[in-house]
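Student: The following block contains a protein sequence and its predicted model.
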Amino acid sequence: MKRHPISSSAVFWAVILVLAAWPLGTAHPQLVCRVFTMAFLYAVVAMAWNLTALSGLISLGHAAYFGLGAYGAALMDHYGSGHLAATLTAGALSAGLYGALCAAVFRNLRGATFALVTLAAVEIPKVIADNWESVTYGSLGLVGIRPLPLVRLGSVAIDFGTSLTAQYYALLLLLFAGTWIHGKAIHSRWGWALRAVREDEQAAGVLGVPVHLLRWTVMTLSALLTGLCGGLYAHLHGFVEPPVVFSAHLSAIPLVLSILGGRFRWFGPALGALVLYPLDQLVLHPVLPAGHAAVYGLVIVGSVLFFPKGLGSWKK
Amino acid sequence: MWAQFLIGVLSLGFFYTLTALGFSLIFGVTHAFNLAHGELIVLSGYLAYGLMKAYGWTFWMTLPLCMLLLTGVLVAMHQVLKKVGEPFELNSLVMTFGMALIAQNVMLFFFSADYRLIPSSEAAVFSPFGRASVTETHLWTFGLSSAATAAVFLMLHHTFLGKALRATIQEREAARLAGIHVDRMKGVAFAIGGMLIGLAGPLFGRLAYLHPAGGLEATLIAIVITIFAGVGHIRSLLLGACILAALESGAALVLGTNWRELVSALILIVLLLWKPHGLLVGKRSAPEL
């Protein structure tokens, strides 16, 4: 890092600046704006996933938290208050509670066993959402979730519901917040404790790191953040249904993006999201309408084989 | 009623044994979790469906071709997995998860997301115990699964190759010292696993609807049974598969078919909590990240 003055984090900042300036400067197609909005959302999910991964646990079941967040927000919107703060809180809390429960129950599992257990844990909320028809409308899904609200700042009214540019900037802000938390999980005292737990649990315990508490907190935080993104997804799309929000694809996305971008860099997962998701949606989707998502699988296989440390480690 | 339930459970149990057998063999010999297992079974099912639909083949004609092709796929997969670095168990898990995604999208591309079923007659071939009926599908499932299981059992216990495979499962280093080509055994395990997957696919297409995302359930079932039985114990596999089939059918009967998926997931969680290192009991614990 020190020998090369232009580090890859500088490249990341440049990308962010371009992304922030781009919708203002030029006329832009709505589709591209929308795709980048979703890329920001998935970047935050990827960083939330990576919080768990940084403590040494690979989860194959973040779709559970995402789906619970989406359903929590949708159900709150349908039955309770439609206020954005209420729905997002409901979404984040329902995911966070499930995450806290999982973290407590699975506290002794590591490595491959943990990955398998999380894979199975997705089925529980999924089957419940699919079958509790009197509340969740089963496999039909919930439709008509209110879009994001109109916000008045003095005399300026910003309509987050219809203006794609407004959504773009809102999600960009969320991306900054997520990146900040993710950066803290790497470069802070807390981050060093996480690293110690990842490398050697016993030694970390001897040094006075509260291993179980730390793991529990980080998994709950990860679930909360993922649930928040799920809630936003419900508002952005206006409908949720079990096969979509609990799909294995959603468990794979954060894993792919993080592994591609580099799991051990603060900007890694976000970089992966900003590269791969637009590539998939803007380049591959028009060519291959069915089956374009195979690229995620190919990226997993390729990254594990050829550059296990991710794109972020290419340029030291 | 009860006789019908028993017939269903037995045929499903034998099918689950077939499903778990390939997974268990591959895991035992190579320590690779094949998360693409279910997807490959569904792929083989689609293959049989396509052949029957497009060329008018009868059911049994598709079996050899499916087995051959899936063996090829699994051998290719082995070549890729060989290059994975440490920690092998976790990396192979992530890797095969990626392969499962690829397989899902390949199926989506060729067969679209519609639900498909290999057509079979519902007429009873014969009816024991009065009103219970044994259909053609029951017979195919029961016959093919038990034949394949018996063949693998005889191969493992009465041939030299089987002895080498069992030695590799039990203690890899000692097997290597005794002059067994462990890498060749891994290839053999993948090839046999491929044959079993190829055989299970067309049966899966008759028993349940084929859907590109439908493989996860089969994978979970294979993992549950393998963890329950341990690796390389075919009789325990059969027992575990029948218990799981009975539990699932019971849950479907009491709660309704949609809750059935929950059963295998819950059993998997409970089993893993009970035996956190359960897969390689008595050996070194699973490598950690």
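Tutor: The structure has been received and is ready for your questions. What you see is a predicted model, and the numbers here were worked out from it, not measured in a lab.

Student: what about residue 126, how many residues close to it?
Tutor: Looking at chain A here, since you left the chain open. The criterion is other Cβ atoms under 10 Å in any protein chain shown. On that basis, A:Lys126 has 23 neighbouring residues. For every residue, glycine as well, the C-beta is placed using N, CA and C.

Student: you looked at the wrong chain, it should be chain B
Tutor: The local packing count at B:Phe126 equals 9, with neighbours defined by other Cβ under 10 Å.

Student: Next: B:Gly179.
Tutor: The number of residues packed around B:Gly179, counting by other Cβ under 10 Å, is 7.

Student: Could you grab the helix/strand/coil label for it?
Tutor: Under the three-state scheme (DSSP: H, G, I helix; E, B strand; the rest coil), B:Gly179 adopts coil.

Student: Please report the distance of it from A:Phe106.
Tutor: B:Gly179 sits 42 Å away from A:Phe106, taking Cβ to Cβ, to the nearest Å as the criterion.

Student: A:Leu274 and A:Val11 touch, don't they?
Tutor: No: under the criterion of Cβ atoms under 8 Å, A:Leu274 lies out of contact with A:Val11, with a separation of 11.0 Å.

Student: Tell me which of the two has more neighbours.
Tutor: Of the pair A:Leu274 and A:Val11, A:Leu274 is the one with more neighbours under other Cβ under 10 Å, namely 23 against 14.

Student: Quick check: which element contains the more buried one?
Tutor: Assigned by DSSP states H and E, A:Leu274 falls within helix A:268-278.

Student: Can you list the buried residues in that helix?
Tutor: Taking 16 or more other Cβ atoms under 10 Å in any protein chain shown as the basis for neighbour counts, the residues of helix A:268-278 that come out buried are A:268-277.

Student: any idea of the mean pLDDT for that helix?
Tutor: Mean per-residue pLDDT for helix A:268-278: 85.

Student: okay, the buried residues of helix A:268-278 in CSV with distance to A:Arg152 next?
Tutor: Supplementary listing: the buried residues of helix A:268-278 in CSV, determined by distance: Cβ to Cβ, whole Å:
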residue, distance to A:Arg152
A:Gly268, 38
A:Pro269, 34
A:Ala270, 31
A:Leu271, 35
A:Gly272, 36
A:Ala273, 31
A:Leu274, 31
A:Val275, 36
A:Leu276, 37
A:Tyr277, 32
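
Student: Closest to chain B out of these?
Tutor: For the buried residues of helix A:268-278, the closest approach to chain B (Cβ to the nearest Cβ) belongs to A:Leu276, at 13.1 Å.

Student: Isn't the closest one up against A:Val256?
Tutor: Yes: applying Cβ under 8 Å as the test, A:Leu276 and A:Val256 come out as touching, 6.9 Å apart.

Student: anything in contact with each of these two?
Tutor: Shared contacts of A:Leu276 and A:Val256 (Cβ atoms under 8 Å, 6 or more residues apart in numbering or on different chains): A:296, A:299.

Student: if I read this right, A:Leu140 contacts A:Glu241, doesn't it?
Tutor: Yes: the criterion here is Cβ under 8 Å, and A:Leu140 meets it with A:Glu241 at 7.0 Å.

Student: Of these two, which one has the most company?
Tutor: For A:Leu140 versus A:Glu241, the count of surrounding residues by other Cβ under 10 Å is larger for A:Glu241: 21 against 11.

Student: Please tell me how far the more buried one sits from chain B.
Tutor: Counting by Cβ to the nearest Cβ, to the nearest Å, the separation of A:Glu241 from chain B is 13 Å.

Student: Look at that residue and report its pLDDT.
Tutor: At A:Glu241, the model reports a pLDDT of 87.

Student: Counting neighbours, what do you get for the closest residue to B:Leu93 other than its chain neighbours?
Tutor: Closest residue in space to B:Leu93, ignoring its immediate chain neighbours: B:Phe33 at 4.5 Å, by Cβ to Cβ, 6 or more residues apart in numbering or on different chains. The burial count assigned to B:Phe33 is 26, neighbours taken as other Cβ under 10 Å.

Student: Please apply the same query to A:Gly72.
Tutor: A count of nearby residues for A:Gly72, using other Cβ under 10 Å, gives 28.

Student: Helix, strand, or coil at B:Trp140?
Tutor: In the three-state summary, B:Trp140 is assigned as helix, counting by three-state DSSP.

Student: Do I have it right that it meets B:Leu203?
Tutor: Yes: at 6.7 Å, B:Trp140 and B:Leu203 qualify as touching, with contact defined as Cβ under 8 Å.

Student: if I look at the most centrally placed residue in chain A, how far off is B:Val73?
Tutor: If you average the C-alpha coordinates of chain A and look for the closest C-alpha using Cα atoms, centre = their mean, you land on A:Val45, 0.4 Å from that point. As for A:Val45, its distance to B:Val73 is 31 Å (criterion: Cβ to Cβ).

Student: ok, now A:Thr52?
Tutor: A:Thr52 sits 32 Å away from B:Val73 when distances are taken as Cβ to Cβ.

Student: what about these two, which has more around it?
Tutor: Neighbour totals were compared for A:Thr52 and B:Val73, and A:Thr52 leads with 25 against 19 (other Cβ under 10 Å).

Student: Having no further points to raise, I will conclude here.
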